[in-house]
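>>> give me a 3D structure for the following:
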Amino acid sequence: MLSAAAGIVGFSALSGLLVTVMVAPALAVTGITASSTIGIFDSLPEYIEIGQQPERNELYATFTGSGNENGQYLIATVYDQNRQEVPYDQISKFALDATVDGEDARFFEHGGVDVASVVRAAVGNVIGGDIDSGASTLSMQLVKNIFVQQALELDTQEARDAAYKKATATSFDRKLKEMKLAIGLEKKYTKKEILTAYLNIANFGNATYGIQAAAQRYYSVDAKDLTLSQAASLIAIVQYPNQRNLGDPENYEANTIRRDFILDRMLAAGDITQAEHDEAIATPVDDTTIKPSAPSNGCMAAYEYARWFCDYVVKSVKDFTFLGATPEERAANWKRGGYKLYTTLDLDIQIPAQQALWTYAPNTETNFALGGVVDTVQPGTGRVLVMAENKIFDDTLDGGGDTTSAVNYSTSYNYGGSSGIQPGSTYKLFTLLDWLMQGKGTEERVSGDPDSAAQFSKFRECGEPSGTGTFSYKNNAGESGIWTIRDGTVNSVNGVFFSMAKQLDLCDIRDVAKSLGVERADGDPLKTVPSSIIGINEVTPLSMASAYAGVAALGKWCKPIIVDSIVTPDGESKVGQTPECKQAIPQNIAATAIDVLKGVMVTGNQVYGNPEDGIPIFGKTGTTDVGEQTWVATGTTSGGSVVWVGNSVGKVPILDQEYEGVAGIRLRHYISLALVTALDNKYGGNDWPAPDPSLVTGGGLAVPDVRGLTPESAKALLEGLGFTYKDGGPIDSEVPAGKVATTDPEPGSNSGRGATITVFTSKGNKVAFPDVVLDGQTNDFNAAQGQLNAAGDMNVTQTCVVITPTTGNPPMLPTDPKYGRLGKVQSSNPAPGSYNLPGVPVTLAVGKETCP
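Okay, here's the model as predicted:
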């Protein structure tokens, strides 16, 4: 037999035979000699690698409810081609036999080329005048499919189209190349390896490749569990995937015809019994037997609680060094697929956070563009544990309506995010940190007054005045006066932070934020204008969460990472992203700031976001000008987190909204409560070191006592010590008119250099109240009243006070030491020696045995 001869005839002789029979039609037309074509055949490449075929990438997240021993849950499959390679022993014998019997009956006999079929095809080609009729063995089909796959993996559409056309062209050149490479395959690989490779590479229609993906796609079973009828129907697809795939009912008839042909061949080969054959033939190819599983490709088809995180992973492929040395190599390897990525996402925290977000920031809101996100970063590692958004992920061209979005508001624009969100007062953290880094203290006092004409020149920006002209700032609750840094932070008094900023450099504050990973979503540098200290930079929530995680780790900031480990296509386990950490701020600075921010979580509306479960927590709220953006940032030793509820577009005040009976001002806190409770329940938490005592008092100075000095002298003294002088105007005082009456802060108070000291001058209008009480046994009411009238106090009234006998029992005897107090003035209001305005009402208490 010619087929057997392929194994023993010398290669040159075989090549001559193959060329002669294959190119006969071409010789007849072109006049090319057979001997010249033998040279062409000999010059063709001899070997081709089967290699790895494009497969599905799988993403996993931690979930105690996963049911898996390792606690990992499949959240998404992402692929360019729906393929999952399986070994020979994981493929149904029915599928293996159907492939050989239906596609290449002499597969186990020939050496890559079935010479008998070649001769038969050549005769048909001569008669028909073409050169493409039949004769392709499984090995040759595998070669063709490898070239097709290589074409599909090229970088540009133009290159892909050209290579695909070449790989599928109707030409004897292509046939010769397939023949020689098929012979090379047979030399290098076993029959089992070739058959397995063919079944893993074959196209089964609907972007489904390989027998495993096809079994799942059309029958919802694994390849090893395919029945005879199912296996034959799948193999019936491979010759014409578009016309015979089972995804379209119009293809059922064509599939049935080819399936039955394959079943007949299997019976003839003795691979199935007559009964098996008849049962399979009787099985219809229709909706009663086809049990399709919808393809789950991409992040829209991911687990509903993990779609935004999935999108972030996919958009971060360019950064994954474990996929290759360059962004291009990483993209190519990801496209080729076959990776299992074990991510940092923790569904035990993600799910309750997402549910709370959907409840208190519902995506069904239609009156305005309500947005919301939750992000949590693990302190000390940078692992992103939570990434949730209120909208449903939909990146289709037309979108899915108001409840959906393709914009990941957690991330920067380059990773599918927005242009950023103003964080409001959560950004004040960085002014507090810089204040402490400059050696200033939490108990130092500064002015919290608003200012309608604040001068840019009073603020330093990289060592220079911030600008010229004026701007205004106000306090949310109308606060004013002198505040400690601690109280000003807890109450989020804008005026306090502008006063602090005047003693700092705006660029230093920016650098503190940068060192903790804060970034603008648009990629621009952080702004350093004075108002930047109260959160006007449009930042990413994820970067703010990482900053609070850095503080929670006592100043150790770690770049956010999302992949813990991977399994490569060849089954090798590797480390994913390695934590990149640095000590951004000193530990004592972080501990002192944390001590201040703990106070935030036990006051006002912040208590609604505090689980009060014994786990130490610190935090800061943030609200923009008209309340269109609301934030809360929290930190425990287990997680740095942010919650944003606000306008993705527009400026509708969130504070005016209400969902599930919860007022707008508290929505963020209810979401944060669900998040932090889940975080605490799983990971617990520890306390931080006590604040640095030197950073409590700081490098402040005691305010000097300038009472009685002229304003000019007081100003010179205060400014000489580094304070800022402010004229508070005249007040009522006993100090001589025009002299300093008092200051705010009071003399002796600890205030930082540069702090504003308000100086009040005296009107000189208070007088000392005379002593009309004396020893309590001298003046009666009339005598005391006369003294007061003479001093100018005309409004004098009398009240009664009981004089109890020394024995405790009335009546009062003349011999009692207290007897002389009866009828005499015992006390006065105002008190003797106090300073008061003339004419103030006076009350004299006169002793009596009994009072009405």
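
>>> my read: Arg480 touches Lys474, true?
If you look again at residue 480, you'll see it is Ser, not Arg. No - counting by C-beta atoms under 8 Å, Ser480 does not reach Lys474; the two are 10.1 Å apart. To be clear about C-beta, it is placed using only N, CA and C from the backbone, and glycine gets the same treatment.

>>> what touches both of those two?
When contacts are counted by C-beta atoms under 8 Å, 6 or more residues apart in numbering, Ser480 and Lys474 have Pro450 as shared neighbours.

>>> find the nearest non-adjacent residue to Gly441, please.
Excluding its sequence neighbours, the residue lying closest to Gly441 (C-beta to C-beta, 6 or more residues apart in numbering) is Gly698, at 2.1 Å.

>>> residue contacts, the one you found?
Taking C-beta under 8 Å, 6+ apart as the test, what Gly698 contacts is Leu436, Gly439, Lys440, Gly441, Thr442, Glu443, Glu444, Asn750, Gly752.

>>> apply 6 Å and report the result again.
Lys440, Gly441, Glu444 (C-beta atoms under 6 Å, 6 or more residues apart in numbering).

>>> rebuild those residues as a markdown table, extending it with secondary structure.
Converted to a markdown table, those look like this (DSSP: H, G, I helix; E, B strand; the rest coil):
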| residue | secondary structure |
| --- | --- |
| Lys440 | coil |
| Gly441 | coil |
| Glu444 | coil |
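
>>> so which of those is the most crowded?
Neighbour counts for the contacts of Gly698 peak at Glu444, which has 28 neighbours (criterion: other C-beta atoms under 10 Å).

>>> residues in contact with that residue?
Ile485, Gly698, Gly700, Asn750, Ser751, Gly752.

>>> go ahead and confirm the first one touches Gly441.
No - contact status for Ile485 versus Gly441: not in contact, 7.0 Å apart, counting by C-beta atoms under 6 Å.

>>> kindly report the domain assignment for the chain.
As assigned by automatic domain parsing, the chain contains the domains 2-43+85-282, 700-762, 768-848.

>>> I'd like those as a markdown table, with mean pLDDT, distance to Asn57 and mean neighbour count appended.
Formatted as a markdown table, the domains of the chain follow (pLDDT from 0 to 100; distance: least, C-beta to C-beta, whole Å; neighbours: other C-beta atoms under 10 Å):
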| stretch | mean pLDDT | distance to Asn57 | mean neighbour count |
| --- | --- | --- | --- |
| domain 2-43+85-282 | 79 | 13 | 19 |
| domain 700-762 | 91 | 55 | 17 |
| domain 768-848 | 90 | 82 | 15 |
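
>>> could I get those as CSV with distance to Val313?
Conversion of the domains of the chain to CSV gives the following (distance: least, C-beta to C-beta, whole Å):
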stretch, distance to Val313
domain 2-43+85-282, 21
domain 700-762, 46
domain 768-848, 73
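
>>> any idea which of the contacts of Gly698 is the one closest to Phe781?
Glu444 (51.6 Å; C-beta to C-beta).

>>> give me phi/psi at the closest one?
With angles defined as degrees, to the nearest 10, Glu444 sits at phi -70, psi 150.

>>> same thing with Phe618?
Given degrees, to the nearest 10, the pair of backbone angles that Phe618 has is phi -130, psi 170.

>>> now Leu695
phi -90, psi 0.

>>> so which helix or strand takes in the spatially closest residue to it that is not a sequence neighbour?
Counting by C-beta to C-beta, 6+ apart, Leu695 lies nearest to Thr592, which is 4.4 Å off, once chain neighbours are set aside. Using DSSP states H and E, Thr592 maps to helix 587-598.

>>> with Glu193 instead?
helix 191-201.

>>> which is the next helix or strand following that helix?
Criterion used, DSSP H and E; the element after helix 191-201 is helix 211-219.

>>> which residues are contacting that following helix?
Contacts of helix 211-219 (C-beta under 6 Å, 6+ apart): 82-84, 86, 91, 95, 199, 204, 208, 221-223, 226, 230, 234, 246, 290-293.

>>> quick one, what contacts the residue nearest to Leu695?
Thr592 neighbours (C-beta under 6 Å, 6+ apart): Leu436, Pro691, Asp692, Leu695.

>>> may I ask which of those has the most neighbours?
Most surrounded of the contacts of Thr592: other C-beta under 10 Å gives Leu436, at 28 neighbours.

>>> I'd assumed Leu695 was in contact with that one.
Yes - contact criterion C-beta under 6 Å: Leu436 and Leu695 qualify, at 5.2 Å.

>>> and the pLDDT for the residue nearest to Leu695?
pLDDT recorded at Thr592 is 98.

>>> what distance do you get for it to Gly400?
Distance, Thr592 to Gly400, using C-beta to C-beta, to the nearest Å: 48 Å.

>>> and Lys763, what's its pLDDT?
So, for Lys763, pLDDT stands at 95.

>>> looking at this, Met140 is in a strand?
No - read with three-state DSSP, Met140 is helix and lies in no strand.

>>> you'd agree it is up against Glu178?
Yes - with contact defined as C-beta under 6 Å, Met140 counts as touching Glu178 (4.4 Å).

>>> pull the contacting residues for Leu597.
Neighbours of Leu597 in contact, by C-beta under 6 Å, 6+ apart: Phe618, Lys620.

>>> from Lys824, how far out is Glu772?
Just to correct that, residue 772 is Val rather than Glu. 10 Å.

>>> and what of Ser546?
76 Å.

>>> do Val652 as well
71 Å.

>>> spatially nearest residue to Val575 (excluding sequence neighbours)?
Using C-beta to C-beta, 6+ apart, the nearest residue to Val575 is Ser565, at 5.9 Å.

>>> wait, a strand at the one you found?
Yes - membership of Ser565 in a strand is supported by three-state DSSP.

>>> test my guess that it contacts Thr578.
No - Ser565 is beyond contact range of Thr578, at 10.7 Å (criterion: C-beta under 6 Å).

>>> these two: which is more packed in?
Each of Ser565 and Thr578 has its neighbours counted (other C-beta under 10 Å); Ser565 has more, 15 against 11.

>>> need the pLDDT of that one.
98.

>>> and it, what are its bridge partners?
On the basis of DSSP bridges, Ser565 is bridged to Tyr342, Val575.

>>> what sits against it?
Ser565 makes contact with Tyr342, Val575, Gly576 under the criterion C-beta under 6 Å, 6+ apart.

>>> count of neighbours near the second one?
This points to Val575. Neighbour number of Val575 under other C-beta under 10 Å is 10.

>>> next: the first one.
Other residues near Tyr342 number 19, with proximity taken as other C-beta under 10 Å.

>>> could you do the last one as well?
Residues lying near Gly576 (other C-beta under 10 Å) number 17.

>>> how about the nearest residue to it, chain neighbours excluded?
Val563 (3.4 Å).

>>> might one say that the one you found is in contact with Leu341?
Yes - using C-beta under 6 Å, Val563 is in contact with Leu341, at 5.2 Å.
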